[in-house]
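Peer 1: pasted the sequence and its predicted model underneath.
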Amino acid sequence: MNDRAQPARRSPLAGNRLPIGLAIALGAAGWTAAGCTADQPSTKAQLGELMFSDTNLSSPAGQSCADCHLARVAFRDPETSLATSMGIVPGRFGLRNTPTAMYASYVPALHRTGDGGWIGGLFWDGRAGTLEDQAAAPLLNPLEMNNADKASVVATVRRASYAPAFRELFGPRALDDVDAAFAHVTEALAAFERGPAFAPFTSKYDRFLAGEATLSDAEQRGLALFEDPARGNCAGCHPSRPGPGGAAPMFTDFGYANLGVPRYDNSKFYAQPPPMNPDGERFVDHGLMQTVGEAAQDGKFRTPTLRNIARTPPYGHNGYFENLQYLVDFLNSRDVGSRAVGTCSRAVVSARCAWPAPEVPATVDHRVGHLGLSDQDISDIVAFLTILSDDEPRS
C-alpha cells in the first residue's frame, strides 16, 4: 500500500431500533439533532452537540470531537488520506483507524457469549462499555485531545459560553465537583450521539426493504452474493435482513474476528515516543486480547457495521485498505494471492501474488480468504455496499 500524504489537521466549520418505515419517514422529514439556538441548548443532546464541535475542549485548543467524526462524511475522520487520525499535538497520531460514530448507540456492552466468544463493546477492542465511557477517552488521550486530566476539561467548560445552559440542565452546582462535572460532560456528548443524526436509517437499502426503491442489476447480484452462504456469506457476520418487529438490520453481529489484516508499516503510530508507544517499530496490536486478557482473542477486532461503509475509508483497524474494492479483494483472496497486491508484477497479467503476512497469524479466521469470487462478483458486492450509505445531512 502506498504511503499517504499528511495534510495538517483542520477543524470543521461547524436503545430500541426504529422500524424501517418510521426511520425513513423521520429522515425524510429532516428530523435531526440540530435546531438549538447557538449556545442556548434546551436539552442534553443539544448541549452535547455544541460540545461535540467545541475546539476549546482540547489542550492546546484547536481540536473537537467533530474533527475526527465529521457529519458530512458519516461521522468519521474527513482526512481519508490518513490511516489513523492526527491529535491536537503536532506529530501525534492515534493507534487505530477512526471508525464511524454512526449507529454506535446500538453496540451492546462487551459480554461473553454462550460459546465462549465475545460480543459488543465500543472502540475496535471493546474496552468502553457505554457511549459515556467512549466519549471520555479521546478527551484525556495524549494522542488525541490531550487534556491533562478531568479537571482541565471541566475548567474549559466552566469558561464556555454554554456553561449557564450546562448548569440549567444538570443543576446549579453541576460544575463544582470535577468528577461529577466530567460525568455530565460525557453524558451530554452521549445524548447527542444517541440522537437521530447518528442513526437516520435513510439508505437506499432501507428504502428497498420498505418497498420504496428498486435495486439495479449489479446491486441485486451483489446482495445475492452477500447473503449466499456458499459464496460471499458476508451476512454471516453482517446480517442484512430485518430483525424482530421489523427492526432495521445493523450489518454487524457485534462479534470479534482476526481477518488476517497485515501490519501497516507506514502507520505514524510507530513513530510515537514512549510512553505513548514504548515498543516503537516492534509494536503489535493485540486487539481484544488487551481488553479481556485471553490469548485466544489475540489480534481480534470488533466487526464494524457496514452502514455507510462506502463513505468511510480507509478500512481495517489499522487503515491498511485504502478503498473498498481493495478490502473486498483481500477478504476474497488473502490465502491464495491476488493481482492487486502492491508488489505484484504487472508484466504477467494472470500472476497472483501473496498478500503480506497477518500481523497476528495464530488466530486468523479462515472462513474468509479463499472465497473464489470473480472480479465481477467483487464489483457487484461493492455496488451493493454503496447502497448502505445514508442520505447526506442537510446543510
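Peer 2: That came through fine.

Peer 1: what residues are up against the nearest residue to D149 once chain neighbours are set aside?
Peer 2: Nearest in space to D149, with sequence neighbours left out and distances taken as Cβ to Cβ, 6 or more residues apart in numbering, is L140 at 7.0 Å. Where C-beta positions appear, they are placed from N, C-alpha and C, glycine not excepted. Contacts were defined as Cβ atoms under 8 Å, 6 or more residues apart in numbering; by that measure L140 touches 147, 149-150, 153.

Peer 1: and those, which of them are in helices?
Peer 2: When the contacts of L140 are checked against helices using DSSP state H, the ones located there are 150, 153.

Peer 1: next, count neighbours for the closest residue in space to L371 that isn't next to it in sequence.
Peer 2: Among residues not flanking L371 along the chain, N332 sits closest, at 4.5 Å (Cβ to Cβ, 6+ apart). N332: 23 surrounding residues under other Cβ atoms under 10 Å.

Peer 1: isn't N332 right next to D375, touching?
Peer 2: No: counting by Cβ atoms under 8 Å, N332 stays clear of D375, with 9.7 Å between them.

Peer 1: what about the stretch 51-200 of the chain, any weak spots by pLDDT?
Peer 2: Screening the stretch 51-200 of the chain residue by residue with the criterion pLDDT under 70, one finds no matching range.

Peer 1: centroid-nearest residue for this protein?
Peer 2: Centroid-nearest residue in the chain, with Cα atoms, centre = their mean: P99, separated by 1.9 Å.

Peer 1: which residue packs closest to that one, ignoring adjacent ones?
Peer 2: If the residues on either side of it in the chain are set aside, P99 comes closest to P304, at 5.8 Å by Cβ to Cβ, 6+ apart.

Peer 1: T252 is in contact with the one you found, correct?
Peer 2: Yes: in this structure, P304 is within contact of T252 by Cβ under 8 Å, at 6.2 Å.

Peer 1: need the contact list for H286.
Peer 2: Each residue near H286 by Cβ under 8 Å, 6+ apart is listed here: 298-299, 360.

Peer 1: how much space separates it from V360?
Peer 2: In this structure, H286 and V360 are separated by 7 Å, where distance is defined by Cβ to Cβ, to the nearest Å.

Peer 1: now the common contact residues for the two.
Peer 2: Shared contacts of H286 and V360, defined by Cβ under 8 Å, 6+ apart, are found at 298-299.

Peer 1: can you tell me the element the residue nearest to the centre of the chain falls in?
Peer 2: P99 is part of no helix or strand when elements are defined by DSSP states H and E.

Peer 1: so how far is R231 from it?
Peer 2: Distance of P99 to R231, given as Cβ to Cβ: 27 Å.

Peer 1: what of F75?
Peer 2: Here the criterion is Cβ to Cβ. By it, F75 lies 32 Å from R231.

Peer 1: of those two, which one has the most company?
Peer 2: When F75 and R231 are compared on other Cβ under 10 Å, the one with more neighbours turns out to be F75, at 26 against 15.

Peer 1: that one is in contact with A101, isn't it?
Peer 2: Yes: look at F75 against A101 with Cβ under 8 Å: they come within range, at 4.1 Å.

Peer 1: return every residue with contacts to both of the two.
Peer 2: Common contacts of F75 and A101, defined by Cβ under 8 Å, 6+ apart, comprise 69, 198.

Peer 1: OK, contacts around T80?
Peer 2: By Cβ under 8 Å, 6+ apart, the neighbours of T80 are 73, 313-314.

Peer 1: relative to G293, which of the residues you listed is nearest.
Peer 2: When the contacts of T80 are compared for distance to G293 (Cβ to Cβ), P314 wins out at 29.2 Å.

Peer 1: do you know the pLDDT at that closest one?
Peer 2: The predicted structure scores P314 at 97 on the pLDDT scale.

Peer 1: how near is the nearest residue to it once chain neighbours are set aside to S161?
Peer 2: The shortest distance from P314 to any non-neighbouring residue, by Cβ to Cβ, 6+ apart, is to E322 (5.3 Å). In this structure, E322 lies at 40 Å from S161, with Cβ to Cβ as the measure.
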